[in-house]
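Novice: Return a 3D structure for these sequence lines:
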Amino acid sequence: MKSNPLVSLLLVTMTSVFCFGQADIPKREIGIIAGFSATTYSGVGGSTLANHVSIGIYGRFKLAERFSIDPRILFPYGTGARGLNLPAPAVYSGLGLKTDDVERRTTSISIEAPVSYYITNRFSVNVGPQFMVTTGSKDFYKSSTGNDVLIVDSKYLMHQFDAGVTMGIAFRRRLTLGLQYYTGLMYVVKDDAFPAKNSILQIRAEIPLRKLSSQKTDTE
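Specialist: Sure thing, here's the model as predicted:
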């Protein structure tokens, strides 16, 4: 039976409540994010991963012992996939373009609001909502010879908004290193015959610029 990553994350969180004491969470923290993403579409056969780099800002605000809320804004936040089967626009039909190996690269503004649970002073898990606003999209068509690439604007084919669930794990010292997974709950393409949803795995680093630490209540 295929495991659900959200269920697994919640089980780890619930189990850890009984295994550890209090955590040292900053009362407030503000910083910058740099991330590298591997993105694809779920629900569409044949799609492979596309790679993107994102930057942004984050906040971390303590809610209670072991819990914080971590709002984040990232731009540009890349989505999309490679290896798509997409017909070329009619105006380019005579150019002999390959339509079974198209790359779509979409840029968005991403807003995340996960709640983090600190299993130890350094290690945490998080889960929460994520929203995206599309700012641009390009399709990359290869010529039949593979020597040339035609770039076509495809923003008009995309829905303006996307929403889903983000979840991840993080390790914190002077900076925070984390692995974040996003699963989209909405179709991102207007064409009903192309039921694509975003699926994103991101490695990221969070670098604090300003921090107000709480009093330490436990040894690390």
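Novice: CA atoms for contacts and neighbours, from now on please.
Specialist: Will do.
Novice: what packs against the helix or strand containing residue 74?
Specialist: Taking DSSP states H and E as the criterion, residue 74 maps to strand 72-84. Identification of packing neighbours for strand 72-84 by 3 or more Cα pairs under 8 Å, 6 or more residues apart in numbering; DSSP states H and E yields strand 28-42, strand 50-64, strand 102-112, strand 197-212.
Novice: Can you add mean neighbour count and give those strands back as JSON lines?
Specialist: Shown next, in JSON lines, are those (neighbours: other Cα atoms under 10 Å):
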{"stretch": "strand 28-42", "mean neighbour count": "20"}
{"stretch": "strand 50-64", "mean neighbour count": "18"}
{"stretch": "strand 102-112", "mean neighbour count": "22"}
{"stretch": "strand 197-212", "mean neighbour count": "18"}
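Novice: Taking strand 197-212 as reference, get the angle to the strand holding residue 74.
Specialist: Interaxial angle of strand 72-84 relative to strand 197-212 (axes from the mean of the first three to the mean of the last three Cα atoms, to 10 degrees): 150 degrees.
Novice: What average pLDDT does strand 72-84 get?
Specialist: On average, the pLDDT along strand 72-84 is 95.
Novice: So what angle separates the directions of that strand and strand 50-64?
Specialist: If you take the same axes, to 10 degrees, strand 72-84 sits at 150 degrees to strand 50-64.
Novice: Also compute the angle for strand 72-84 relative to strand 28-42, please.
Specialist: Going by the same axes, to 10 degrees, strand 72-84 makes 20 degrees with strand 28-42.
Novice: Return the backbone torsion pair for residue 173.
Specialist: Backbone torsions for residue 173, taken as degrees, to the nearest 10, come to phi -130, psi -120.
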